[in-house]
Each structure stands twice: as C-alpha cells, then as structure tokens.
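Participant: Predicted model and sequence below, questions to follow.
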Amino acid sequence: MASLLPSVEGRHLPDTSSVSEKIRRGRTAPGGAMSLKGVITMAVTLLGVLALAAAASLVTLTTYLHRTTESMGEAVEGVRLAEALQVDLLSLARLPVSTSPQLPATNGHSLASTQAAVQLHLSEARSNARMEQELAMIDEVERSISAFFLAREGLQNQPAEEVSRVMGPRMEAALSALDRLVEFNVQEARVARAQADRWDGIANIIGIGVAAFLVLGGAGLLLWIRRFVFRPLLDISQAMRRFGSGRKRTRAPEEGPTELREMAHTFNEMANSLSRQQEQQLTFLAGVAHDLRNPLSALKMSAALVTSGRPVPEERLRKTMGLVRRQVARLDRMVGDLLDATRIEAGRFELSLEERDARELATEVVELYQSGGSSHDLRLLLPEEPVMLSCDATRIEQVLHNLVSNALKYSPGGSVVEVRVERVGEEALLSVVDRGIGISAEEMRNLFAPFKRMGRARETAPGIGLGLSVARRIVEAHGGRIEVDSRPGMGSTFRVRLPQSHAAAHPPEARPGESVPGPADSVH
C-alpha cells in the first residue's frame, strides 16, 4: 500500500504569487524567445564567415604585397642598370679615340669589352621594363648611346679639341637620358612603396577590427549565456532542489532559450501532475476513512447491542446479524479492491483459470443480491445454451459484483436492473443495464481511472473509486474489454466482452500462475 498512500507534505511552502510572477516575467523576458541551438549556430556561422573573410583578406593582401615587392625590385633593378650604363659610358669616355678595340686602356678596359657591357646592360634593362613609358625611355637611351658610338668612330686620328667638341654633347645627351630613366624607376619605387604602406595600414585596420569583433562578440556571447542560459539553468536546478525537499508549490521560471523554457515547462507540468496526484490520493484517503467509518460504526453498535447483557428479541438479533453480515461484506469488498489495486501496481495480479459457464457466474451474483432484500427489480436474462469461459471465476464474479453494485447504488429504488448473458460470435457478452443517474460524456473520459469518482456519484453513493478500475484490469487480463453506453438521467449499460473457451484468444498474462503487469496509468 506504500505506493497508494502518499505522505502528506505541507511544510516550507513558498509564496505562490511570487512564483507566478517569476513565471510571468520569464515568459516575457527579452531574448528568451531565441533558441540556444539557434544562438550557437549563428555564433559559429558568424565566426566561420569571419574566418573565411580574414583568410580571403590575408590571401589578397599577401598577393598584392608580393606584386608590390616585385614592382619595387624591378624599379631598383632598373636604377642599377641605368647607373651601370652611366659607368660604362664614363669608362668609354676615358678611352683615347685612337685606342685599338682589342687593346686595353690604362684603366684596364678595352673598347670592345666596354661596348659589350653597354649592349648587355641595355638588353637587361629592356627585359626588366614592364611599362611602355620605360621602354620608350630605354629606346631613347639606346639611340643616344648609338649616336655616341658612331661619332666616336668618325673621330679617329682627330685632335683632342675636336674630339671633345664633338663627343661632349653626345655624352651629355646619353647621360641625361640615363638620368631620366633612373628618375623614372625611383619614382616607380616610391609609388610601389606608398601603395605597400597604404595596404599595410588597411591590413592593420582589418586585423584590429577582426580582433575587436572577436573580443566583443565573445564577451557578448558569454554575457548572453550567463544571463539567458546559466541563470535560468540555476533557477531550474534550485526549483528542483526545493521541490525535492518538500516545497511542493515550487515552480521553475520559464525563461531563457527555448530549450530551457521547455525544460522548465516539463518540470512544472510534472510538479503539477504530482500535486494533482497527491490531492487525489489525499481525497482517496479521506474517502476510505469515511467509508470505513460507516460500517465500523454499524458494527460497533451491533456489538454493543449483543454484548449489553440485556435480553434481545430473536427478530431484532436476526436483523442485527444481517446488518453485521452486510457491513462485513462491504468491508471485504473495499479491502479486496485495495488489495487488487496494490497487486496491479506491483505487477503481481494472477489468474487461476478454469472452465466455467458464464450463466452460472451471473446467476450466483444475482441470487446473492436478491437474497439481500434489494429494493430494486433485479432481473436475470440467460440464453438456453451454455456460454463457456476459460476464466478465473472469482475474478469474473468480482467484476459482475462491482457492476451490479454500482447499478443498484446509482439507480432509484424500485427501478429495473438487468443482468444479461449472451453469445456474440466468438465472444461471451455480459451486460448490466440500469435506469439510474447516467454518466456525462465529460465524466466518461475518466470513468475507469483509479480514485476517480464523478460529481453526481460522490453525492449519491459512497465509494473510493477503485471498483471500475479494478474491473477493467480483470477483464483486460482475460483478453477481453469493457464498454459503456450512458446518457445523463437515462441510465447506463456496461458490457463485458470475453473470449469463449474454445477461441484460444488468451493473452500471455492470462495464463495461470503468471503475473499481469499493469500499464503505467493503472494506479496513480
């Protein structure tokens, strides 16, 4: 009975108004409608996009810096080649006009080697050039040097004054062209350096921006998680601890991301369900105590009458003993229902099967009530042919007792109550029909729930609300089903359908000696 009799807890209950206010605030909390999964997905997506953008920027910047470095290298190489050409021309200017091309001058350079160096440097400068303007300047340098060489060849055996007069302007023209080429390459190097500096600044801005975004985004995400994840999670944990410590009115605030809201909602539903079950069980205890008090009071009065020592008329004594018998039978039924409910809850409900005629079972039940002096018109309708069942006769009689007892309790005195036995196909049909208060459609939904008694039933007749629940489980254990047709004020018809003995339709739990596990909702 431990599972059926809950402990009464009512201490340390918090103010329910504050809890309701927390729940109301939680439902309207800013940011609470966002899903934790969505936030994490969005954060990871943003980080991924940012990482891809940073990688693309780095690749682009590296490529551009590489090109800038090449441009600067080409400009520096152009300056070196132009200066080398200037050195070659100055070396050539020191050679005497009459010197043989193959003979070295005083400085160790021959005319042929100097001319070859000039041609080599011109070829390298042309290969190094990338712009049309620079190529045009190299062409100008080449023409000036060619003019210098032609003029020098025509001055063989000429006086020094004539050589200086003719060669001087041509030398100056070639050197000026080379100066312009040097200046152009220096300017190109400066432009490349300026571009490199500008992109370096852009890279610094991008790096600082990405770092700042990561820091601020990470800090914002941590603050959001702390505010809308950790705090609601701690509130749910505290609510669970309070509820477990006995404060049964505690509820978790439904705030934060969707997942935590659903978790808190599930906990609150569970807490509400447990509270309702506790209320139902307390109501059940009160009903049991009330229903036990009435027969016990009758037994106490009967015992006081018999043991008073005064002579008691035989007729009165017979009525007193009849009263005692009925109250004891009533107590026995109540205790039997409680025991059956306990066995169902523990999964130890067993059947002892035997071959019995359903007509005999119905006859015994009806005769028992008829012998008790019922004020109702109890009628038994039986077929001519046997209706054989492989059943636990005691349990089937218990089902019929519950149905007939309810029909008598909820029907006005003098009304007709019919008990019928029929054969419908491969099934045996046992029906109990009354003209009582009836059952509404709303009450029908909880009719077979344990500890449930309908509003009009509670006012009309005593009981603890286990009879129909136990009856349904007994019928289902036999492989059958129980059906109800009822209309308020028009009476009710309960039909028990059981497989006949030759149908071999018994489920495994209906075999003798095996326990019948109950579903999770059998007894709350």
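Facilitator: Ah, there it is. Numbering: from 1, shown residues only.
Participant: Pull the residues that contact stretch 189-197.
Facilitator: L65, T68, T69, S71, M72, A75, V76, V79 (C-beta atoms under 8 Å, 6 or more residues apart in numbering). All C-beta atoms are positioned from the backbone trio N, CA, C, and that covers glycine.
Participant: redo that, cut-off 10 Å
Facilitator: With contact meaning C-beta atoms under 10 Å, 6 or more residues apart in numbering, stretch 189-197 is reached by 64-65, 67-76, 78-79.
Participant: P488: which of these is nearest?
Facilitator: Nearest to P488, judged by C-beta to C-beta, of the contacts of stretch 189-197 is Y64 at 88.2 Å.
Participant: how close does A289 get to L296?
Facilitator: 10 Å (C-beta to C-beta, to the nearest Å).
Participant: typo on my end, it should be M444
Facilitator: 33 Å.
Participant: and what of V365?
Facilitator: 26 Å.
Participant: same check, this time on A75
Facilitator: Distance from A75 to L296, by C-beta to C-beta: 116 Å.
Participant: Please identify which of these two sits among more neighbours.
Facilitator: Neighbour comparison, A75 and L296: the larger count goes to A75, with 23 against 12 (by other C-beta atoms under 10 Å).
Participant: Follow the chain on from the one helix or strand the more buried one maps to and name the next helix or strand.
Facilitator: For A75, the enclosing helix or strand under DSSP states H and E is helix 36-94. Downstream of helix 36-94, the next assigned helix or strand under DSSP H and E is helix 111-128.
Participant: Okay, angle between whatever helix or strand comes next after that following helix and helix 36-94 too, please.
Facilitator: For helix 111-128, the following helix or strand on the C-terminal side (DSSP H and E) is helix 132-153. Relative orientation of helix 132-153 and helix 36-94, computed by axes from the mean of the first three to the mean of the last three C-alpha atoms, to 10 degrees: 10 degrees.
Participant: What is helix 132-153 packed up against?
Facilitator: Helix 132-153 sits against helix 36-94, helix 111-128, helix 160-225, with contacts defined as 3 or more C-beta pairs under 10 Å, 6 or more residues apart in numbering; DSSP states H and E.
Participant: A helix includes R310, no?
Facilitator: No - under DSSP: H, G, I helix; E, B strand; the rest coil, R310 falls outside any helix and is assigned coil.
Participant: Show me the domain layout of this protein.
Facilitator: 60-206, 349-510 (automatic domain parsing).
Participant: Can you tell me which of those is most buried?
Facilitator: With neighbours defined as mean count of other C-beta atoms under 10 Å, the domains of the chain peak in mean count at domain 349-510, which reaches a mean of 18.
Participant: The helix or strand where T493 lies pairs with which strands, and in what direction?
Facilitator: Under the criterion of DSSP H and E, T493 resides in strand 491-499. Its sheet considered, strand 491-499 pairs with strand 427-433 (antiparallel), strand 481-487 (antiparallel) by DSSP bridges.
Participant: okay if I get those strands as CSV plus mean pLDDT and distance to E162?
Facilitator: Listed next are these as CSV, based on pLDDT from 0 to 100; distance: least, C-beta to C-beta, whole Å:
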stretch, mean pLDDT, distance to E162
strand 427-433, 93, 144
strand 481-487, 91, 138
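Participant: Number of residues surrounding M321?
Facilitator: A count of nearby residues for M321, using other C-beta under 10 Å, gives 12.
Participant: Would you check that K409 makes contact with S492?
Facilitator: No - with contact defined as C-beta atoms under 10 Å, K409 does not count as touching S492 (11.7 Å).
Participant: Common neighbours of those two, please.
Facilitator: With C-beta under 10 Å, 6+ apart as the test, K409 and S492 both reach D434, G436, I437.
Participant: Distance of L120 relative to A84?
Facilitator: On the measure of C-beta to C-beta, L120 and A84 end up 9 Å apart.
Participant: And L260, by the same measure?
Facilitator: Taken as C-beta to C-beta, the span from L260 to A84 is 77 Å.
Participant: do R325 as well
Facilitator: In terms of C-beta to C-beta, R325 sits 137 Å off from A84.
Participant: Please tell me the pLDDT value assigned to L380.
Facilitator: Turning to L380, the model gives it a pLDDT of 92.
Participant: residue contacts, it?
Facilitator: R359, A362, T363, V365, V366, E367, Q370, E418, V419, R420, V421.
Participant: Helix, strand, or coil at the residue nearest to the fifth one when sequence neighbours are not counted?
Facilitator: This points to V366. Spatially, and ignoring its direct neighbours in sequence, V366 is nearest to L380 (4.6 Å; C-beta to C-beta, 6 or more residues apart in numbering). Put simply, L380 is strand when judged by three-state DSSP.
Participant: dump the residue contacts of V496.
Facilitator: Going by C-beta under 10 Å, 6+ apart, the list of residues near V496 reads 358, 396, 399-400, 403, 421, 427-432, 471-472, 474-475, 478, 480-483.
Participant: I meant to write I236 there.
Facilitator: Residues near I236 by C-beta under 10 Å, 6+ apart: A252, P253, E254, E255, G256, L260, M263, A264, T266, F267, N268.
Participant: Could you tell me which of these belong to strands?
Facilitator: Using DSSP state E, no member of these sits in strands.
Participant: Dump these to JSON lines, plus distance to W224 and neighbour count.
Facilitator: Shown next, in JSON lines, are these (distance: C-beta to C-beta, whole Å; neighbours: other C-beta atoms under 10 Å):
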{"residue": "A252", "distance to W224": "20", "neighbour count": "28"}
{"residue": "P253", "distance to W224": "17", "neighbour count": "25"}
{"residue": "E254", "distance to W224": "18", "neighbour count": "24"}
{"residue": "E255", "distance to W224": "13", "neighbour count": "25"}
{"residue": "G256", "distance to W224": "10", "neighbour count": "27"}
{"residue": "L260", "distance to W224": "13", "neighbour count": "25"}
{"residue": "M263", "distance to W224": "18", "neighbour count": "17"}
{"residue": "A264", "distance to W224": "18", "neighbour count": "24"}
{"residue": "T266", "distance to W224": "23", "neighbour count": "12"}
{"residue": "F267", "distance to W224": "23", "neighbour count": "18"}
{"residue": "N268", "distance to W224": "24", "neighbour count": "20"}
